[in-house]
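Give me the fold of what follows.
(chains A and B)
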Amino acid sequence: MVSFLRPFLAVILLSSAACGGGNDSKETAPAPAATVANPVDAATAGGLKGSIKLEGTPPPSQTINRRSDQYCEQLGEAKTQNFVATGGGLQNVFVYVKDGLGEMKFPVPTIPVVLDQKGCTYVPRVFGIQAGQPLEILNSDETLHNIHAQPMNNREFNRGQALKGLKYTHVFTTAEVMVPFNCDVHNWMNAWVGVLNHPFYAVSGQDGTFGIQNLPPGTYTIEAWHEKLGTQTQMVTIGPKEMKELSFTFKL
Amino acid sequence: MRLHLYAVLVAFSTAILIFAGGLVTSTGSGLSVPDWPTTYGWFMFTFPLDKMVGGIRFEHTHRLVASTVGFLILVLAVWLRLAEPRRWVRQLGYVALAAVITQGILGGITVLWYLPDPISIAHASLAQLVFCLTITIALTTSRGWKDAYSRRGATPDDRILQTIATATTALVYLQILVGATMRHTDAGLAIPDFPYAFGHLLPPTWNPKIAVHFAHRVGAVIVTLFALATTSHVFFHHRSRPELWRPSALLLLLIALQITLGALTVLTQKHYIINSLHVVTGASVLATSLVLTLRSRRSRFGTVAWSQEQKRIAGSKEQAPAYGLPMDVRRAGPIGTAGPIGPADPIRTARGRA
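Coordinates of the predicted model:
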């Protein structure tokens, strides 16, 4: 009889052992990246600047139903952000050097990039980070969130943050464009991060403009990524101290 | 009788659990609670109600219902062990308990491993087996089963019915496996229209998701044909047997409902309530087909019960129990004797209960 009950009791005991929390476990800070000298010569470095255009009329933003969480609902009306376009410019496009840097190694910043869960949305929605650089995920809301990253080449993770102010630090080890995040508690919350081995990336602003600085002279493949419209690439050659202009046009 | 009522309650609770599980998948809430067996660090049963927001409502509720059903099945297994004279029914209780514990562990693993398709599909498939086990226990502890449905004479030993009913049940389960694969590989809308497929009878283009979706539709047709064959056989040949025509009629009704819900699932873009009802109705189709199958094979169980109970309860060849035998056999007494045996039901006499 007792042995017959053992499996069930084991499950109950296992549950009880982990009892009593609500607090996120402390995360170990990532080991500092090995120091690498910056191979870019500031005297010859150039850059890119440009804009992302949207051709066509984007579908109107929809009001998000946030009734499943009273806290989120009371924050007021929220709209979908798939197409944020002002004056023909398209926001939240990730622009980066896809190819052309060869075997160059770049120092990895130790200052973390912060992804905030604020107002029941991710801030920022689209961003970049270097492989090895810490990503600090913060819950600024007085509700629960889970942060679920679903990469293809990096380690998947899903962390719960039950209380306001909790932080979780994660380090992506491999370059990957893009890694999606979502919150399974609030299914409207989405974010994307571009993980790169170099610092040459930017995200288009409200007017669709972007800029990439300190790019060594050379010929590069530049890619622009949008969450709904996919990717576009262009080749560009940058001479010494040259600031090249580049524009991408996404069509609906 | 109380044991039977309790077994019915357990089976009903298991159906509710399947519905709750369907809600988790349909709302995409499977990972809204990232930890297991805790919930955001809390012991499952102390998780604050005011924190049950968004997808957590579905996932945590599913865990609570699952724990409750697990406990109910534990009690059922213990009760069967204490009160049930038939060894194979007691063993069903143990198997149900082992299955529901395995099911809970699979549920935990699927969360901790971020919903891998094979584990999630196994979780969905085992849920149906747990339901089948509870249904079987509820059926075999019923008075009708124990009496071998003998009010109108012995249940016929109809080999054709037994074969097609068994095939129907197996096909329904196979269809549920395909459905689970479709759900967990996100192929539910791979074919976005109904009854056609991209406006054609056959999909003009193929990929794995379209294939599994289309297989589910073809499976529905096959299951319906087999169910029609089974129920037609019952209506033509066993109209006087309520234990057969009642589940047959119910099976037809449930299949009609299930096809409607399947169509609505596509047409409403997988509305989570419709989608979850489709899951639990599928389980009900399986359960009904299983009941019909088991009842069609009732006479065979009687023979098995005879030899087992003979050894366990009666202890002598002269006092073989009539329990579990068709009434005509019971009236005639043990094989080789002319008259009725002494006590009508030695088990009842011995234990004072049904």
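
how does the chain divide into domains?
By default, I'm working from chain A. Using automatic domain parsing, the domain parsing of chain A gives A:37-105+A:198-252, A:107-172.

Oops, wrong one, chain B.
Listed by automatic domain parsing, the domain ranges of chain B are B:1-146, B:150-296, B:301-349.

Save these as TSV, and put in distance to chain A, mean pLDDT and mean neighbour count too.
To be clear about C-beta, it is placed using only N, CA and C from the backbone, and glycine gets the same treatment. Output for those, formatted as TSV (distance: least, CB to the nearest CB, whole Å; pLDDT from 0 to 100; neighbours: other CB atoms under 10 Å in any protein chain shown):
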stretch	distance to chain A	mean pLDDT	mean neighbour count
domain B:1-146	3	96	20
domain B:150-296	11	95	18
domain B:301-349	19	43	16
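
Nearest to residue A:223, out of those?
For residue A:223, the closest of the domains of chain B is domain B:150-296, at 26.1 Å, according to CB to CB.

May I have the phi/psi pair for residue B:153?
Torsion angles at residue B:153 (phi, psi; degrees, to the nearest 10) stand at phi 90, psi 170.

got the domains of chain B as CSV, with distance to residue A:148 columns?
Compiled in CSV, the domains of chain B are given as follows (distance: least, CB to CB, whole Å):
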stretch, distance to residue A:148
domain B:1-146, 6
domain B:150-296, 15
domain B:301-349, 49
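
neighbouring strands for the helix or strand containing residue A:212, and are they parallel or not?
Taking DSSP states H and E as the definition, residue A:212 sits inside strand A:209-215. If you go by DSSP bridges, strand A:209-215 pairs up with strand A:46-55 (antiparallel).

Deepest-packed of the domains of chain A, please.
Greatest average neighbour count among the domains of chain A goes to domain A:107-172 (a mean of 19), per mean count of other CB atoms under 10 Å in any protein chain shown.

Pull up the distance across that one, start to finish.
15 Å (CA to CA, to the nearest Å).

now it, how far from the chain's geometric center?
8 Å (CA atoms, centre = their mean, to the nearest Å).

Could you tell me the average pLDDT over it, please?
Averaging pLDDT along domain A:107-172 gives 96.

just to revisit the earlier point, would you mind listing the outside residues contacting whatever helix or strand comes next after the strand holding residue A:212?
Using DSSP H and E, the helix or strand that directly follows strand A:209-215 along the chain is strand A:218-226. Strand A:218-226 is contacted by residues A:48, A:52, A:90, A:92-101, A:177-178, A:194, A:231-238, A:246, A:248, A:250 when judged by CB atoms under 8 Å, 6 or more residues apart in numbering or on different chains.

With stretch B:227-247 instead?
With CB under 8 Å, 6+ apart as the test, stretch B:227-247 has contacts from B:144, B:149, B:152, B:155-156, B:158, B:160-161, B:164-165, B:168, B:172, B:248-249, B:251-252, B:255, B:288-289, B:291-292, B:295-296, B:298.

same thing but 6 Å
B:149, B:161, B:164-165, B:168, B:248, B:251-252, B:255, B:288, B:291-292, B:295 (CB atoms under 6 Å, 6 or more residues apart in numbering or on different chains).

cool, stretch B:261-274 as well?
Residues contacting stretch B:261-274 (CB under 6 Å, 6+ apart): B:26, B:27, B:188, B:194, B:275, B:277, B:278, B:281.

Need the distance between the two termini of it.
For stretch B:261-274, the end-to-end distance is 6 Å (CA to CA).

At which residues are the helices of the stretch 51-200 of chain A located?
Counting by DSSP state H, counting those that start in this stretch, one finds helices in the stretch 51-200 of chain A at the ranges A:70-74.

for it, what spans make up the strands?
For the stretch 51-200 of chain A, applying DSSP state E, counting those that start in this stretch gives strands covering A:85-86, A:89-90, A:94-99, A:113-117, A:122-123, A:126-130, A:134-139, A:145-149, A:157-161, A:167-171, A:176-182, A:190-196.

Let's have those in TSV, adding distance to chain B.
Output for these, formatted as TSV (distance: least, CB to the nearest CB, whole Å):
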stretch	distance to chain B
strand A:85-86	26
strand A:89-90	27
strand A:94-99	24
strand A:113-117	12
strand A:122-123	15
strand A:126-130	21
strand A:134-139	11
strand A:145-149	5
strand A:157-161	4
strand A:167-171	11
strand A:176-182	9
strand A:190-196	12
